[in-house]
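[1] Structure, please.
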Amino acid sequence: MNSIFNYLRGDEYPNQTRAQSHRHKFSHLFESLKLFFKYLSRVIKHLFPSFISASSILFIILLTDVVLLEFVVYRVGLFSGRYFKVLSERDLVAFWPLAATSIAYIIINALMKSIKDFITNLLSIVWRKYITLSLHDNYFNSKNFYYLQHQVGFSEETLSILIDGNHSAKSKTLNRRSLGVQNSIEPILGEINGLEPCSNDFDQKNVILDNPDQRITQDVKSLCISIANIVPLILISPFVIGWYGYQTFITVGYSGPLAVVVYFLVWAVINGPLTAPIARVIYKQDKKEGDFRFKHMNLRINAESIAFYDSSQNELNKMNETFNELLNISYRRNWKELILKLFINLSQYFGGILAYLVLAIPIFTHVYDDYSPTDLAQLISNYSFKCQYLIYLFTRLYDTLNEISSIVGNTKRVGELMEKMKKNVEQNSNIERKKLIDHNDDLCLQLENFSLKIPDDKRKILIDNLNFKFKKGENVLISGRSGCGKTSLFRCINGLWNSYSGQIRYFVDPNEIFFLPQNSYFTSGSLFEQISYPSSKKVLDIDSSKKIIEWLREFGLNHLLEKVNSDLNMFSEFNWSVILSEGEKQRLSFLRVLYHKPKFALLDEFTSSVDQETEALMYEYLSKIECSFMSIAHRDTVKKYHQIELKFTNERNYDIINLNAIN
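    So this is what the prediction gives:
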């Protein structure tokens with residue numbers, strides 16, 4: 001409990017000076033509570049979509065089972081005293097019914113505990129299903145998965161994402177939890193609004209969400225498990241504690257429950273301050289575990305490049321350095337837990353004799369002198385059970401309250417993700433409505449007074465006041481030095497970026513423009529699914545199959561047919577991105593253009609890893625399917641396949657060159 005208060009006060013940052021007034025702290029806490037309950041209400045709507053939903057029914061069954069289980073536990077706990085009495089009196093007649101009844105109760109107790117665990121796990125699975133499917137719908141809606149993975153900031157005016165696929169060191173820092181001030185467990189409510197602990201402002205607008213994938217895959221799971229385990233216990237704990245407190249009161253008077261409460265508070269005060277530092281170390285250890293795991297994953301992904309560089313020793317040194325950091329913090333955690341476990345063990349053993357110490361007072365003051373030895377033995381046994389179980393209930397409640405930190409933290413992370421995705425969807429729907437679509441059979445799109453800025457804090461201008469028309473039958477080559485904004489232009493046309501002024505006027509549905517990105521992506525599944533991507537079609541007709549086989553042979557990819565036993569529909573467990581070379585990736589991804597036969601295509605360096613003969617074949621096939629295209633390229637050899645060149649000469653400037661005249 002004390003650790004929670006530490007978090008609420010922000011004491012998990014012991015080295016920071018605080019000049020905030022008490023009034024501001026309470027105001028900050030109030031706003032944090034309001035924000036938490038806002039997130040919690042969103043989560044609850046997914047947990048219980050209706051009164052007759054599977055989760056609602058399961059939760060009622062679980063709550064009923066927990067209540068009945070407490071009754072059964074109480075009855076089982078009294079059997080020891082009855083056995084003392086029956087055996088002391090050598091009452092064989094009463095022994096057999098008692099033995100049969102106790103065995104029946106034990107079987108019922110075991111059955112109900114098993115049912116409780118089963119329903120708890122089932123409920124957490126159902127809850128995870130509800131939340132995850134809902135998050136997935138929003139995650140893949142309006143390309144949220146892209147914006148959340150590439151964010152460096154977000155506002156109503158701009159979609160702030162990185163300029164290229166390469167993250168700068170600064171952007172990586174922004175998209176990860178920092179190791180300084182924030183390198184401790186998140187304050188349960190103090191940081192729920194996404195602020196630094198010393199901040200005096202309450203502003204949720206520009207929160208940078210770290211690890212959205214982890215929020216969906218791990219935080220949702222942890223949240224559902226915690227709620228399923230904790231909430232039923234919290235709901236019934238006050239009533240059960242009241243019942244056992246009353247039972248101890250009627251046995252020894254007020255000293256019974258009072259002794260338990262005092263005992264619990266004493267150990268809570270001792271153990272509380274020892275728990276908070278360990279919690280911080282655990283968070284740091286989890287962070288170091290993630291860094292160590294990432295190092296190995298990065299090594300696996302880039303194994304070939306590292307081998308070419310012959311940099312094994314360099315990678316070994318960095319790997320061991322990361323591992324040593326993990327070991328150091330693991331040692332720190334072990335030493336800190338030593339004292340905590342000492343006091344925990346002491347509290348458990350002292351709890352075992354507390355009942356006898358309390359009961360000794362009325363016994364030695366002759367309160368029970370009229371009791372027979374067997375009746376007194378039964379009373380001692382029953383009271384010992386009630387007192388120890390009351391201590392257990394307080395301890396369970398204490399542990400449960402500490403576990404609330406997990407619920408609050410995960411609720412914050414999941415709620416933030418829900419809110420962020422909702423805002424992105426709303427903003428992107430507004431952007432979609434702003435797209436101008438004028439039907440014209442001879443045009444694809446037109447850029448009017450188009451100026452492009454890098455969507456970061458500096459807002460560097462890449463393209464200034466561009467006016468250009470992309471016409472049907474007129475292929476456009478986009479050239480210029482690296483980093484001048486070629487791919488960024490495609491991002492704006494696709495709608496990934498909105499950090500521009502002017503207009504992009506569409507004369508066809510933007511969804512009908514086929515984009516072939518520079519980095520080829522391959523999904524899981526059959527060879528046909530790689531070619532038909534992004535179509536979800538899985539059934540291949542005979543005519544299409546013949547064409548695809550012809551294309552594969554034409555582009556030197558017939559060996560891929562051998563890998564799938566000449567069955568294009570055979571589900572393959574291949575990691576296509578790993579088994580294919582860069583040239584094979586570009587050739588295979590180009591087949592997607594041939595399969596979909598778009599009227600217009602935007603191609604980003606789609607021939608950079610193939611030879612000139614294959615390059616010529618690709619452009620020949622584009623002509624065969626009558627596809628007008630804009631392509632980004634650096635080779636001069638491709639100019640003969642284009643009619644117009646849009647060349648970015650230097651910063652902000654460009655030239656539009658008629659290649660027909662040159663050719």
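[2] three-state assignment of the closest residue to D91 other than its chain neighbours?
    Counting by Cβ to Cβ, 6 or more residues apart in numbering, K85 is the residue found nearest to D91 once chain neighbours are left out, at 7.9 Å. For every residue, glycine as well, the C-beta is placed using N, CA and C. Three-state assignment for K85 (DSSP: H, G, I helix; E, B strand; the rest coil): helix.
[3] how close does D219 get to Y130?
    15 Å (Cβ to Cβ, to the nearest Å).
[4] from memory the residue nearest to D91 sits against T374, does it?
    Yes: here K85 reaches T374: they are 4.9 Å apart, a contact under Cβ atoms under 8 Å.
[5] if you count what's nearby, which of these two comes out ahead?
    K85 (21 against 16; other Cβ atoms under 10 Å).
[6] Might you report the residue contacts of the more buried one?
    Applying Cβ atoms under 8 Å, 6 or more residues apart in numbering, one finds that K85 lies in contact with D91, T374, D375, A377, Q378.
[7] Tabulate the residues you listed (TSV), appending pLDDT, secondary structure and distance to D604.
    Output for the contacts of K85, formatted as TSV (pLDDT from 0 to 100; DSSP: H, G, I helix; E, B strand; the rest coil; distance: Cβ to Cβ, whole Å):
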residue	pLDDT	secondary structure	distance to D604
D91	87	coil	90
T374	86	helix	90
D375	85	helix	89
A377	84	helix	86
Q378	86	helix	84
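[8] out of the residues you listed, which is most surrounded?
    Most surrounded of the contacts of K85: other Cβ under 10 Å gives Q378, at 21 neighbours.
[9] quick one: buried residues of stretch 213-228?
    When neighbours are counted by 16 or more other Cβ atoms under 10 Å, the buried residues of stretch 213-228 are found to be R215, I216, D219, V220, K221, S222, L223, C224, I225, S226, I227, A228.
[10] Now Y383: closest residue in space that isn't a chain neighbour?
    In this structure, Y383 finds its nearest non-sequential neighbour in T251, 4.9 Å apart by Cβ to Cβ, 6+ apart.
[11] quick one: that neighbour and F292, what's the gap?
    With the distance defined as Cβ to Cβ, T251 ends up 55 Å from F292.
[12] if you go through the stretch 401-550 of the chain in chain order, where are the helices?
    In the stretch 401-550 of the chain, the helices defined using DSSP state H, counting those that start in this stretch lie at 486-494, 527-532, 542-554.
[13] so of the ones you listed, which one's packed in deepest?
    Mean neighbour counts were taken over those using mean count of other Cβ atoms under 10 Å, and the top value, a mean of 23, falls to helix 527-532.
[14] where along this protein do the strands fall?
    151-154, 159-161, 436-437, 443-453, 461-471, 476-480, 500-506, 513-516, 600-604, 628-632, 644-648, 655-658 (DSSP state E).
[15] where does V414 land on pLDDT?
    Reported pLDDT at V414 in the predicted model: 88.
[16] and it, how many neighbours does it have?
    Taking other Cβ under 10 Å as the neighbour definition, V414 ends up with a count of 24.
[17] correct me, but V76 touches I107?
    No: taking contact to mean Cβ under 8 Å, the distance of 10.5 Å between V76 and I107 leaves them out of contact.
[18] Comparing these two, which residue is more hemmed in?
    Set side by side, V76 and I107 give different neighbour counts by other Cβ under 10 Å, the larger being at V76 (15 against 10).
[19] got a pLDDT number for that one?
    What the model reports for V76 is a pLDDT of 90.
[20] nearest spatial neighbour of it, skipping sequence neighbours?
    Spatially, and ignoring its direct neighbours in sequence, V76 is nearest to Y105 (5.1 Å; Cβ to Cβ, 6+ apart).
[21] Contact partners for the one you found?
    Neighbour list for Y105: V72, R75, V76, F79 [criterion: Cβ under 8 Å, 6+ apart].
[22] Which one (most neighbours) among those?
    Ranking the contacts of Y105 using other Cβ under 10 Å puts F79 first, with 19 neighbours.
[23] Report the separation between the residue lying closest to it once chain neighbours are set aside and I108.
    Counting by Cβ to Cβ, 6+ apart, S102 is the residue found nearest to F79 once chain neighbours are left out, at 4.5 Å. With distances defined as Cβ to Cβ, the gap from S102 to I108 amounts to 11 Å.
[24] same question, D541
    In this view, D541 and I108 are 62 Å apart by Cβ to Cβ.
[25] same check, this time on I61
    When Cβ to Cβ is applied, the distance between I61 and I108 equals 16 Å.
[26] contacting residues around the residue lying closest to K38 once chain neighbours are set aside?
    Among residues not flanking K38 along the chain, G415 sits closest, at 7.2 Å (Cβ to Cβ, 6+ apart). For G415, the set of contacting residues under the criterion of Cβ under 8 Å, 6+ apart consists of K38, Y39, L40, R42, V43.
[27] Tell me the residue in this structure that is farthest from the middle.
    Going by Cα atoms, centre = their mean, the residue of the chain most distant from its centre is D370, 65.0 Å out.
[28] Show the pLDDT at it.
    The predicted structure lists D370 with a pLDDT of 85.
[29] just S27 next, same as before
    The predicted structure lists S27 with a pLDDT of 71.
[30] Count the residues that sit near it.
    Burial of S27, expressed as a neighbour count using other Cβ under 10 Å, amounts to 13.
[31] just L338 next, same as before
    Counted with other Cβ under 10 Å, the neighbours of L338 add up to 9.
[32] again with the one 5 residues further on
    Residues contacting F343 under the criterion other Cβ under 10 Å number 13.
[33] now swap in the one 3 residues further on and tell me
    Burial measure for L346: 13 neighbouring residues, criterion other Cβ under 10 Å.
[34] now do P232
    By the other Cβ under 10 Å criterion, the neighbourhood of P232 contains 21 residues.
[35] Compute the distance between it and I61, please.
    Plainly put, P232 is 10 Å away from I61 if you go by Cβ to Cβ.
[36] what do you get for R82?
    Computed as Cβ to Cβ, the R82 to I61 distance reads 31 Å.
[37] Next: V93.
    The span separating V93 from I61 equals 40 Å under the rule Cβ to Cβ.
[38] again with H642
    68 Å.
[39] more neighbours, those two?
    Using other Cβ under 10 Å, the more surrounded residue of H642 and I61 is H642, with 23 against 15.
[40] Do I have it right that the more buried one meets G473?
    No: at 11.8 Å, H642 and G473 do not qualify as touching, with contact defined as Cβ under 8 Å.
[41] Take stretch 410-429, keep the C-alpha atoms, and write them as CSV.
    Provided in CSV are the C-alpha atoms of stretch 410-429 (Å, rounded to 0.1, in the frame of the first residue of the first chain):
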residue,chain,number,x,y,z
ASN,A,410,-1.7,-1.0,-18.4
THR,A,411,-5.1,0.8,-18.5
LYS,A,412,-3.1,4.0,-19.2
ARG,A,413,-1.1,2.4,-21.9
VAL,A,414,-4.1,0.7,-23.6
GLY,A,415,-6.3,3.7,-23.1
GLU,A,416,-3.7,6.0,-24.6
LEU,A,417,-3.5,3.8,-27.7
MET,A,418,-7.3,3.7,-28.1
GLU,A,419,-7.5,7.5,-27.9
LYS,A,420,-4.5,8.1,-30.2
MET,A,421,-5.9,5.8,-32.9
LYS,A,422,-9.3,7.3,-32.6
LYS,A,423,-7.9,10.8,-33.2
ASN,A,424,-5.8,9.5,-36.1
VAL,A,425,-8.9,7.9,-37.7
GLU,A,426,-10.9,11.1,-37.2
GLN,A,427,-8.2,13.3,-38.7
ASN,A,428,-7.5,11.0,-41.6
SER,A,429,-11.3,10.9,-42.4
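[42] Since that was my last question, I'll sign off now.
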